[in-house]
Each structure stands twice: as C-alpha cells, then as structure tokens.
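Trainee: have a look at this fold, sequence not included:
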C-alpha cells in the first residue's frame, strides 16, 4: 500500500513539475509588459481576433476601450460577452473570468506588442529582448533570435489588418480592426 502511495505521489509531483515547466514555456519567457494605457491614446476599437496554431484556428470578437488609466478588453462571441478584464499598466483585473485556455496576460502582451508605440515597447521589454520597426513590419527579438514578427497590412497600428506571428510558441494572431474612434480631435 505504501508503494502505491509513494508511486502516486511521485506521479503527481512529476505532473506538477511538467505543468510548471509548460506554463513557463507557454509564457514564452516574456512577462506581462508594463506599458501605461495612456501611451496607446484614448480610443475604442472593435476587433476580430483570429488565432491559428498547428491544426486549429479560433476566432473571437473583442472591444478595446482605452482611457487614460485603463485598457478594458471585452471578448465577445455571437454578440454575447465571454469575458472582460482591465489592465492598468501594472496588473490585470478580471471582471468576468476568461474561458479555459485563454490568458489575459497573453492577450494584453500581444495587443501591446502590436499596438504600443515602439519607444514605449522598447522601454518595457525585459533584458535580452529588443524591438525593431521597419516600414510596415515590427520585429521582436529574444537574445538576438527572432521571437515575434508583426505586419501592418494597411501600414497602420490601429487601422486594417495586423498579423502577429509568434515564432517561439508557433501561433499566428490576425487582428482585423473594424472601427476606430478617438476622443482626440
């Protein structure tokens, strides 16, 4: 009986260890970026987010409401609210829980990587990470190796299609910006 208990404990500890390694790997080594929402400019953006990875693709509608002190993300499917959360430049507060498999930190990081002004992004990246903008492309490197590529199909951070390829985690995020409103004149 003790052998079974010891064996079960070993299997459980091994599984927990693998889960911890997997969650670090899933984060891609990039912690939550600390960029003040105000740097994005006050605006409301409707987006269609399509995530594709080997063998699967999912599409989600989202609304981003960016004010001076917060970025609110509302995820929708068929007009119904799936989740919502707020990001204040330091932390994420879930106001409605995300469904399984979705990570608010991953969503925020991808949105910031794609939409933050390059100087704000450069200042927020941890040691070993760099960013370079060239015409309609943004490249993010980890220790000199390409980690993320972002293409601005219409040449704008906020208008039209933006395609983010995460080379490390092997997924592609396509962001179709449907409507943009700005509080500024």
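Mentor: Yep, it's here. Because the structure is predicted, anything quoted here is derived from the model rather than measured.

Trainee: what packs against whichever strand or helix holds residue 50?
Mentor: Following DSSP states H and E, the helix or strand that holds residue 50 is strand 43-53. Strand 43-53 makes packing contacts with strand 56-66, strand 171-182 when contacts are defined by 3 or more CB pairs under 8 Å, 6 or more residues apart in numbering; DSSP states H and E. (Each C-beta comes from the backbone N, C-alpha and C, glycine too.)

Trainee: which of the ones you listed comes out lowest on mean pLDDT?
Mentor: Per-stretch mean pLDDT for those is lowest at strand 171-182 (a mean of 82).

Trainee: re earlier: now the strand holding residue 50: mean pLDDT?
Mentor: Average pLDDT, strand 43-53: 93.

Trainee: what strands flank that strand, and is each parallel or antiparallel?
Mentor: Applying DSSP bridges to the sheet, strand 43-53 is found paired with strand 56-66 (antiparallel), strand 171-182 (antiparallel).

Trainee: show residues contacting that strand.
Mentor: Here strand 43-53 makes contact (CB atoms under 8 Å, 6 or more residues apart in numbering) with 57-66, 158, 169-183.

Trainee: mind checking pLDDT for residue 117?
Mentor: Reported pLDDT at residue 117 in the predicted model: 96.

Trainee: now do the domain split for this protein, please.
Mentor: The chain breaks down into these domains under automatic domain parsing: 1-29, 31-182.

Trainee: quick one, strands of the chain?
Mentor: Counting by DSSP state E, the segments of the chain that form strands are 43-53, 56-66, 71-77, 80-87, 92-96, 129-134, 137-142, 145-152, 160-166, 171-182.
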